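Trainee: no letters, just coordinates:
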């Protein structure tokens, strides 16, 4: 699994020339993990549904559910070596969603087309590819 530190490195690269001075917080990652868990069925978050299941994010089948992702409780800079609790194939969806939350700059090619939208589209593309490759 990829780490929060690796995510921070990618985010700082993607944000060059944009909103680079804003450091992603644990809430940015929490929101991104929720976005990903809403749009697909991350294999690392699937569990068997029982009467004792308390961490249910959403039910996906009669006997299976998506668990709530484990969110960071400390600031990201303090847990850079911890793994992001999502499938590796979805790592960049999380990164792109965080970038979309931070982005404030319009694209230089088309000032009416915000860079935020580009990051959201990239996240959606990662999720789409993931969904097409997962066989239920």
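Mentor: Everything's here; your move. As the structure is a computational prediction, the values presented were derived from the model and not from experiment. Residues are numbered from 1 along each chain as shown.

Trainee: find the centremost residue of the chain, please.
Mentor: In the chain, the centroid-proximal residue (CA atoms, centre = their mean) is residue 94; its distance is 2.0 Å.

Trainee: nearest residue to that residue other than its sequence neighbours?
Mentor: residue 32 (4.5 Å; CB to CB, 6 or more residues apart in numbering). Bear in mind the C-beta positions are built from the backbone N, C-alpha and C, glycine included.

Trainee: let me know the helix or strand that that neighbour is in.
Mentor: helix 26-39 (DSSP states H and E).

Trainee: and after that helix, which helix or strand comes next?
Mentor: According to DSSP H and E, the helix or strand after helix 26-39 is strand 46-48.

Trainee: now do that following strand: which elements does it pack against?
Mentor: strand 64-67 (3 or more CB pairs under 8 Å, 6 or more residues apart in numbering; DSSP states H and E).

Trainee: before we move on, the earlier item: near the residue nearest to residue 94, how many other residues are there?
Mentor: By other CB atoms under 10 Å, the residues close to residue 32 number 26.

Trainee: cool, residue 69 as well?
Mentor: So residue 69, with other CB under 10 Å, has 22 neighbours.
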